[in-house]
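Participant: Give me a model of this one.
(one chain, ligands or ions: 2)
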Amino acid sequence: MKLEELVKELTVEEIRGSLDKEISGVIYDSRKDCAGALFICISGTKVDAHTFLPQVIEKGASAVVVEREVEVPENVTVIRVADARLALAELSAAWFDHPTRKMTTIGLTGTKGKTTSTYMLKAILEAAGKKVGLVGTNGAVIAGKHYVTNNTTPESYELQQYFHQMVEAGCEYMIMEVSSQGLKMNRVAGISFDYGVFTNISPDHIGPNEHADFEEYMACKGKLFTMCSTGIVNRDDPNWENIVKGHTCKLYTFGCTPEADFEAVNIRHLKKGSFMGIGFDLKGKVEFPVEVNIPGMFSVYNALSAVSVAVLLGIGSDAIDRALASIKVDGRMELVYASDHCTVIVDYAHNGVSTRSLLSTLRDYNPHRLVVVFGCGGNRDPHRRYEMGEAAGHMADLSIVTADNSRWEKVESIIKDIHIGLDPTEGKYIDIPDRREAIRYSISHAEPGDVIAIIGKGHEDYQEVNGVKTHFLDREVAEEMIKELGYK
Ligand SMILES: CC(=O)N[C@H]1[C@@H](OP(=O)(O)OP(=O)(O)OC[C@H]2O[C@@H](n3ccc(=O)[nH]c3=O)[C@H](O)[C@@H]2O)O[C@H](CO)[C@@H](O)[C@@H]1O[C@H](C)C(=O)N[C@@H](C)C(=O)N[C@H](CCC(=O)O)C(=O)O
Ligand SMILES: Nc1ncnc2c1ncn2[C@@H]1O[C@H](COP(=O)(O)OP(=O)(O)OP(=O)(O)O)[C@@H](O)[C@H]1O
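Facilitator: Numbering: from 1, shown residues only. Ligands and ions are numbered 1, 2, ... in the order given. This next block holds a predicted model:
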C-alpha cells in the first residue's frame with residue numbers, strides 16, 4: 001500500500017520526507033521483519049521503542065512514526081504524532097481496509113461478566129444462523145478456529161488483523177471484550193462500534209501499570225460510550241450514570257428494575273436433573289421467559305446484556321431460548337464432577353466481588369460444606385489478595401490457599417497477603433502452596449455433599465512462575481484426581 005494512502009486519515013504533527021512510496025507492512029516490534037515497513041515507535045511501560053530506531057533502520061524500515069524529534073537518514077520518512085499507540089490503531093485499521101465498517105460490531109466492557117456475556121451473545125446469534133467472530137480473554141474465535149490472545153483486548157494491530165480475517169471468513173457480526181486497559185491504551189481506537197455494552201464496575205485493576213484510581217478506571221470504561229452508536233447499560237450498577245456521563249450514543253438500560261428497557265422479573269433457581277441454572281421473565285421492550293444453563297444471580301445480568309443486544313438486532317426468542325438453555329463457557333462455573341461424593345466446579349473468579357458472588361450462588365444449592373481452592377496472581381492488583389481472602393473466610397467452610405500465576409513474586413508472600421484478609425474472618429483455612437496438591441487434598445478429603453470450587457484460573461491452561469509458563473488446567477488436574485481416587 002502507498003504510504004500516502006495509509007496516512008491520509010491520520011492526525012499528524014509533522015511529516016518529513018516522501019509519502020510517495022510503497023509500504024510492506026505496519027510494524028511496532030523491532031524484533032520483526034522491518035524491511036520496507038512503516039515502524040511505529042511506542043513508548044511502553046517497560047521500554048521506549050524510539051531507542052530501537054537505529055536497529056529498525058538498519059533492518060530497512062522505510063518510514064517511522066515517532067512522538068518526538070529524531071535523527072534518521074534522509075531516505076527514511078518521519079511522521080511525528082502526539083500519541084503513537086493511537087496512530088498504530090488508526091494505521092492498522094487503514095492497513096486492513098477498516099474491516100469493522102463491514103460488520104455489525106458489538107463491544108462489551110465491565111469488571112465482570114464480559115467473557116460470559118460475549119459467549120452468550122455469540123451462541124444466540126449462531127442459533128439464529130448468523131456468522132460471528134469473537135475476541136476476548138479466552139482468545140479469538142473465527143470460523144471455528146481458535147487463536148490464543150495475550151490480552152483480553154489485544155493490541156490494535158492484532159485486533160484489526162483478526163477483524164480482517166473475520167471479514168474474509170464471511171462474518172457478519174464481531175463481538176469483543178473491551179477492557180478498560182484496551183480503552184486507555186487506545187487499542188480499540190479506529191473501531192466503529194455499533195453497540196457498546198456495560199456489565200458492571202467494581203474496584204479492580206488499580207495498581208502499578210493498570211489504573212491510578214477508581215475514577216480513572218471508570219473514565220476509561222466510559223470512553224466506550226463515546227465510540228458506539230447504541231449503548232446498553234446495566235441500570236442496577238450504582239455507577240452506571242457515571243459510566244455514561246458524556247456519552248454520545250442512543251442509550252438503553254437493563255436490570256431488575258421497572259425503569260429498565262429490558263427488565264428481569266420472577267427470577268428462579270432451576271435444578272432439573274443435570275441442568276443447574278436460573279430462569280427469569282423478560283419484561284419491557286419485549287416479554288418472554290428466559291432459562292440459562294449457568295446458575296447464579298450474575299447469570300441473570302449476563303443473560304440480560306446478551307439478550308438486550310440480540311433483541312435490538314432483531315433476533316427472536318426461539319434462538320435466545322435454544323442458545324441459553326445449553327450455554328457453556330470454558331472455566332466459567334464449569335461443572336467438572338457431580339456425584340454423592342462431592343461436586344467439583346472450576347471458575348474464573350479472581351477478585352473479591354466475583355469470589356463473593358460465586359460462593360453465595362453455590363450456597364443456594366445447600367452444600368454439606370463449601371470448600372474453595374484459590375490463590376492470587378503475582379504482579380497484579382494486591383487488593384485482590386485481601387479481598388479474596390476476606391470473601392473466602394466469610395463464605396466458605398474451608399479455604400485451601402495455594403498458588404495462582406505467581407509471575408515474578410514469591411508464592412509464600414502472596415499467600416501471606418491473602419492471610420491479611422482471611423485471618424480476621426475466623427474462617428477455617430490451610431495453606432498448600434502447590435496447586436496440584438491443593439486440588440488433590442480438596443477432592444481426597446471431600447465429605448459427602450461437599451461442593452468444591454477451584455477458582456481463579458478458569459480456562460487458563462498454564463501456570464506462570466518466574467516468566468515461565470507450564471501447562472496446567474484446573475479442570476484436567478481435578479479430573480485426574482477424581483480418576484486416581486476411583487470416583488465414578
Ligand atoms: C501494562 C500493560 O498494559 N502493558 C501492555 C503494553 O506493554 P508495554 O507497554 O509494557 O510494552 P513494552 O514491553 O514496554 O514495549 C513497548 C514497545 O516496544 C516494542 N519493543 C519492545 C522490545 C523490543 O525489543 N523491541 C520493540 O520494538 C514493543 O513491541 C512495544 O511496541 O502493550 C502490550 C501490547 O499492547 C500489551 O501486551 C501489554 O499488556 C500486558 C501483557 C498486560 O499484562 N496488560 C494488562 C494490564 C492488561 O492490559 N489487561 C487487560 C485486561 C484487564 C481486564 O481484565 O479487564 C487486557 O486487555 O488484557
Ligand atoms: N455479571 C457478573 N457479576 C459478578 N461476577 C461475575 C459476573 N459474571 C461472571 N462473574 C464471575 O466472574 C468470573 C469471570 O467472569 P467473566 O470471565 O465472564 O468476566 P470478565 O469480565 O470477562 O472477567 P475478567 O476481566 O476477569 O476476564 C466468573 O468466573 C464468575 O465467577
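
Participant: list the contacts for the residue lying closest to I418 once chain neighbours are set aside?
Facilitator: What sits nearest to I418 in space, not counting adjacent residues and going by Cβ to Cβ, 6 or more residues apart in numbering, is G389, at 4.1 Å. Quick note: C-beta positions are derived from backbone N, CA and C, even for glycine. Shown here is G389, whose contacts under the criterion Cβ atoms under 8 Å, 6 or more residues apart in numbering are S399, V401, D417, I418, H419, I420, G421, L422, D423, T425.

Participant: right, and D33 touches K59 too?
Facilitator: Yes. Contact criterion Cβ atoms under 8 Å: D33 and K59 qualify, at 7.3 Å.

Participant: Between these two, which is the more surrounded one?
Facilitator: Between D33 and K59, K59 has the larger neighbour count (other Cβ atoms under 10 Å), namely 18 against 12.

Participant: give me phi/psi at that one?
Facilitator: Per-residue torsions, K59: phi -80, psi 0 (degrees, to the nearest 10).

Participant: Please tell me how far it sits from ligand 2.
Facilitator: 36 Å (Cβ to the nearest ligand atom, to the nearest Å).

Participant: For that residue, give me its contacts.
Facilitator: With Cβ under 8 Å, 6+ apart, K59 has these contacts: S30, D33, C34, A35.

Participant: Buried ones among those?
Facilitator: S30, C34 (16 or more other Cβ atoms under 10 Å).

Participant: If we only consider the contacts of K59, which is nearest to N151?
Facilitator: S30 (19.9 Å; Cβ to Cβ).

Participant: Report the secondary structure state of the closest one.
Facilitator: Recorded secondary structure, S30: coil (DSSP: H, G, I helix; E, B strand; the rest coil).

Participant: same thing with M166?
Facilitator: Here M166 is helix, with the state taken from three-state DSSP.

Participant: Excluding covalently adjacent residues, which one is nearest to it?
Facilitator: M166 sits nearest to G133 (Cβ to Cβ, 6+ apart), 3.4 Å away.

Participant: How is the one you found assigned, secondary-structure-wise?
Facilitator: G133 is classified as strand under three-state DSSP.

Participant: isn't it right up against E168?
Facilitator: No. G133 lies out of contact with E168 (Cβ under 8 Å); the separation is 10.2 Å.

Participant: just the helices in the stretch 251-400 of the chain please.
Facilitator: Per DSSP state H, counting those that start in this stretch, the stretch 251-400 of the chain carries helices over the ranges 297-312, 317-325, 352-363, 383-395.

Participant: close to ligand 2, is the last one?
Facilitator: No. Under the criterion of Cβ under 6 Å from any ligand atom, ligand 2 is not reached by helix 383-395; the shortest gap measures 10.3 Å.

Participant: At the contact with ligand 2, which residues of the stretch 51-200 of the chain appear?
Facilitator: G110, K112, G113, K114, T115, T116, T137, T152, E177, T199, N200.

Participant: Turn the residues you listed into TSV, columns for pLDDT and secondary structure.
Facilitator: Listed next are these as TSV, based on pLDDT from 0 to 100; DSSP: H, G, I helix; E, B strand; the rest coil:
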residue	pLDDT	secondary structure
G110	96	coil
K112	91	coil
G113	94	coil
K114	96	helix
T115	95	helix
T116	95	helix
T137	93	coil
T152	96	coil
E177	98	strand
T199	97	coil
N200	95	coil
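
Participant: Could I get these in CSV, plus columns for neighbour count?
Facilitator: What follows is these, written out as CSV (neighbours: other Cβ atoms under 10 Å):
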residue, neighbour count
G110, 26
K112, 22
G113, 26
K114, 25
T115, 23
T116, 27
T137, 19
T152, 19
E177, 24
T199, 25
N200, 24
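
Participant: sorry, back to before: any idea which of the helices of the stretch 251-400 of the chain scores lowest on pLDDT?
Facilitator: Ranked by mean pLDDT, the helices of the stretch 251-400 of the chain end with helix 352-363 at the bottom, a mean of 92.

Participant: Any buried residues in that helix, and which?
Facilitator: Neighbour-count burial for helix 352-363 [16+ other Cβ under 10 Å]: G352, V353, S354, T355, R356, S357, L358, L359, S360, T361, L362.

Participant: got it, and stretch 295-312?
Facilitator: 295-312.

Participant: And for stretch 49-69?
Facilitator: 49-50, 52-53, 56-57, 59, 61-67.

Participant: With stretch 218-226 instead?
Facilitator: Quick answer for stretch 218-226 (16+ other Cβ under 10 Å): M218, A219, C220, K221, G222, K223, L224, F225.

Participant: In strands, which of the residues you listed fall?
Facilitator: Judged by DSSP state E, strands contain none of the buried residues of stretch 218-226.

Participant: where does this structure come near ligand 1, residue by residue?
Facilitator: Going by Cβ under 6 Å from any ligand atom, the residues of the chain near ligand 1 are 28-31, 42, 44-47, 49, 52, 150-153, 155, 179-182, 205, 209-210.

Participant: Pull out the buried members of the residues you listed.
Facilitator: Neighbour-count burial (16+ other Cβ under 10 Å) applied to the residues of the chain next to ligand 1 gives 28, 30, 42, 49, 52, 151-153, 155, 179-182, 205, 210.
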